[in-house]
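1. Okay, sequence plus prediction incoming.
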Amino acid sequence: MFLFKKVVAPLFFPVPLCLEILLVGLILLWFTRWQKAGKVVVSIGFFTLALLGYSCTGNILLHPLEYKHPPLLSSSNQDNVKWVVVLGGGHTSDPNLPVTSQLTGSSLVRVVEGLRLHNTLRGSKILLSGGSGFDPVPNARIMANAAQAMGVDERDLVLETVSKDTKDEARLVKEIVRNDQFILVTSASHMPRAMALFEKQGMRPIPAPTDHNVKERQAISPEMFFPSADGLYKTKKAFKEYLGLAWAKLRGQI
């Protein structure tokens with residue numbers, strides 16, 4: 001099922017989806033008599049790709065996800081918290097690169113946010129969660145290496161290295177933290193799904209979203225008026241999370 005999700009879900013991400021529409025249109029144009037239909041389908045594919053490439057489109061789709069749970073700007077009133085749980089966000093274990101470059105941007109930001117919160121909570125532990133996936137080294141191990149490189153004491157780190165997805169992380173984290181209060185750190189767009197999966201396990205984590213993509217602009221930038229890879233990245237993240245939420249509901253996981 002894990003492999004099925006990883007193979008099928010990307011087919012519905014913005015770029016593959018638009019290319020699929022364009023491919024159907026080209027087939028109609030080149031190999032059938034339905035020239036008019038082909039032109040319509042190609043036009044739909046082109047304009048859909050352009051629309052999804054605007055940052056404003058991604059912002060509209062991401063905002064309800066990223067701001068469902070407000071950022072945890074201060075943990076000063078969380079004295080009873082014993083754990084800071086950081087969910088994995090991907091990596092590539094290349095020993096020729098510094099450990100910070102082996103992590104994806106999302107993983108690195110999550111680790112940094114986890115460290116920030118840990119430093120304000122006396123006696124807390126950082127639980128890093130994430131299995132191997134398609135890489136021989138678990139995500140949690142690479143995150144731990146990065147955390148230690150940034151000065152975290154190895155004794156303050158606990159690793160969960162066998163989970164394959166967020167559903168697994170929720171179940172395995174519960175086995176470690178049990179009934180202890182904890183802060184949950186993950187990307188802002190991923191937080192609604194993560195919270196739903198953790199709550200399904202009977203836990204009540206304190207959300208600490210990070211890695212926000214939707215930010216209040218202080219000035220108008222010319223790049224706002226053009227489709228871009230950044231815009232497609234935002235819409236991809238939104239599509240991934242909405243598909244993930246739909247899948248979890250369909251499977252009765254949330």
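-> Perfect, I can see it now. Residues are numbered from 1 along each chain as shown.

2. Give me the three-state assignment for Val84.
-> Here Val84 takes the strand state, with states given by DSSP: H, G, I helix; E, B strand; the rest coil.

3. Looks like it contacts Leu117 (just checking).
-> Yes - between Val84 and Leu117 there is a contact under C-beta atoms under 8 Å: 5.0 Å. C-beta: built from backbone N, CA, C; applies to glycine.

4. what about the two, which has more around it?
-> Val84 (28 against 22; other C-beta atoms under 10 Å).

5. which residues of this structure fall in helices?
-> 2-8, 14-31, 35-52, 55-66, 99-102, 105-118, 139-149, 166-177, 191-200, 229-250 (DSSP state H).

6. and stretch 55-69, how far out from the chain's middle?
-> Averaging C-alpha positions (C-alpha atoms, centre = their mean, to the nearest Å) puts stretch 55-69 13 Å from its chain's average.

7. What values do phi and psi take at Arg122?
-> phi -60, psi 130 (degrees, to the nearest 10).

8. ok, now which ones touch it?
-> Residues near Arg122 by C-beta atoms under 8 Å, 6 or more residues apart in numbering: Asp79.

9. try Arg141
-> 159, 161.

10. now do Thr166
-> 87, 190, 193-194, 197, 244.

11. Where among the helices of the chain is average confidence lowest?
-> Among the helices of the chain, helix 2-8 carries the lowest mean pLDDT, a mean of 77.

12. do you know which of the helices of the chain lies nearest Arg217?
-> helix 55-66 (9.7 Å; C-beta to C-beta).

13. Tell me the buried residues in that closest one?
-> 55, 57-59, 61-62, 65-66 (16 or more other C-beta atoms under 10 Å).

14. any chance of those residues in a markdown table, plus distance to Thr32?
-> Shown next, in a markdown table, are those (distance: C-beta to C-beta, whole Å):
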| residue | distance to Thr32 |
| --- | --- |
| Ser55 | 37 |
| Thr57 | 32 |
| Gly58 | 35 |
| Asn59 | 39 |
| Leu61 | 34 |
| Leu62 | 38 |
| Leu65 | 40 |
| Glu66 | 43 |
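
15. Quick check: the two most widely separated of the residues you listed?
-> Ser55 and Leu65 (15.5 Å).

16. From the structure, what's the count of residues near the spatially closest residue to Pro10 that is not a sequence neighbour?
-> For Pro10, ignoring the flanking residues on the chain, the nearest one in space by C-beta to C-beta, 6 or more residues apart in numbering is Pro16 at 5.8 Å. For Pro16, the tally of surrounding residues (other C-beta under 10 Å) stands at 13.
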